[in-house]
Structure formats: structure tokens, C-alpha cells
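Enquirer: pasting the sequence and the predicted coordinates here, then a few questions.
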Amino acid sequence: MINHTSDSASSGPGGVPVACADVGADLLAFFRDELLPDERASVISHLDGGCTECRAALEGMRALEVLMSSFELPTAEPSPELSARLSASIRTPVGDPGHREAPAPRHTPLSTRRSGDAG
């Protein structure tokens, strides 16, 4: 959410003022094109009304998207040993001598804790 110190407001659909605080909550959804038509119209009206802070926030989102799209994330492949162990554990039926149980959890599940216990 965008918190502005100014009280920039513009008229939305029907002449109802749209303040930065109202638009701030919708700005990311506007950027992602996730708003309903009337919500989108309110944000556009606010931006067209000259709110430099919301315009700057929107431009920041666009710049971040461009920057993030330029990164190439590495792909990770499991080692052959890990693949073999996983495949073997999937194929080994419970009760078979080669089957190993999953390790016990390191914490106490919430449903079994008594009041005052630390987890």
C-alpha cells in the first residue's frame, strides 16, 4: 500500500473524489491488470488527475518488472545419487526390508501441544 503525505485527490467515476490512500491499495492490482472496469477507471482518473506520487510508484513497478525480466534464473537438476534414492524410496513398499520411515518431525505439532509448552 502506498502511504502519501499529500492529500492528492481526483474525481473518479461519477465525480467521487479518489484519494491516494484509496488508489494505493489498488495500484499493484492496476499494474497487474486485475481490477474490475470501475476500479480501473478510478485509478486512471486519479493518475490522469496529476498525482505525481502514484505515477512515480507505478513507474517504479514498471522499472522493477523490466529489471526482473532481465535476470536469467539458473535451473537446478538433482544429482544422479539423489534421483536414484528418490526413485528407490518411491518404489519400495512399506514393510519391505529396504523401506525407511520418514524422519520424525523436529517440532511438536500444534494439535498435540499443551498450553505453556514451547515448540
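Expert: Arrived safely. Numbers count the residues shown, from 1 in each chain.

Enquirer: alpha carbons only for contacts and neighbour counts from here, please
Expert: OK.

Enquirer: using the three-state scheme, assign P74.
Expert: Put simply, P74 is coil when judged by DSSP: H, G, I helix; E, B strand; the rest coil.

Enquirer: against L82, how distant is it?
Expert: Note on P74: its distance to L82, by C-alpha to C-alpha, to the nearest Å, is 19 Å.

Enquirer: comparing these two, which residue is more hemmed in?
Expert: The residue with more neighbours, out of P74 and L82, is L82; 11 against 6, by other C-alpha atoms under 10 Å.

Enquirer: which SS state does the more buried one fall under?
Expert: Counting by three-state DSSP, the backbone at L82 sits in helix.

Enquirer: tell me how far it lies from L73.
Expert: Shown here: L82 relative to L73, a distance of 22 Å by C-alpha to C-alpha.

Enquirer: and what of I90?
Expert: The span separating I90 from L73 equals 29 Å under the rule C-alpha to C-alpha.

Enquirer: compare neighbour counts for these two and give me the winner.
Expert: For I90 versus L73, the count of surrounding residues by other C-alpha under 10 Å is larger for I90: 11 against 7.

Enquirer: before we move on, which element is the more buried one in?
Expert: Assigning secondary structure by DSSP states H and E places I90 in helix 80-91.

Enquirer: okay, now the unreliable bits of this structure?
Expert: 1-18, 92-119 (pLDDT under 70).

Enquirer: helices of that one, start to end?
Expert: For the chain, applying DSSP state H gives helices covering 20-31, 37-48, 52-69, 80-91.

Enquirer: tally of neighbours for E59?
Expert: 13.

Enquirer: so what's L47 up against?
Expert: Contacts for L47 (C-alpha atoms under 8 Å, 6 or more residues apart in numbering) come out as C54, R55.

Enquirer: and it, how far is that from A41?
Expert: 10 Å.

Enquirer: same deal with L58?
Expert: Per C-alpha to C-alpha, L58 is found 15 Å from A41.

Enquirer: of those two, which one has the most company?
Expert: Of the pair L58 and A41, L58 is the one with more neighbours under other C-alpha under 10 Å, namely 18 against 15.

Enquirer: you'd agree the more buried one is up against D26?
Expert: No: the pair L58 and D26 fails to qualify as a contact (C-alpha atoms under 8 Å) at a distance of 10.9 Å.
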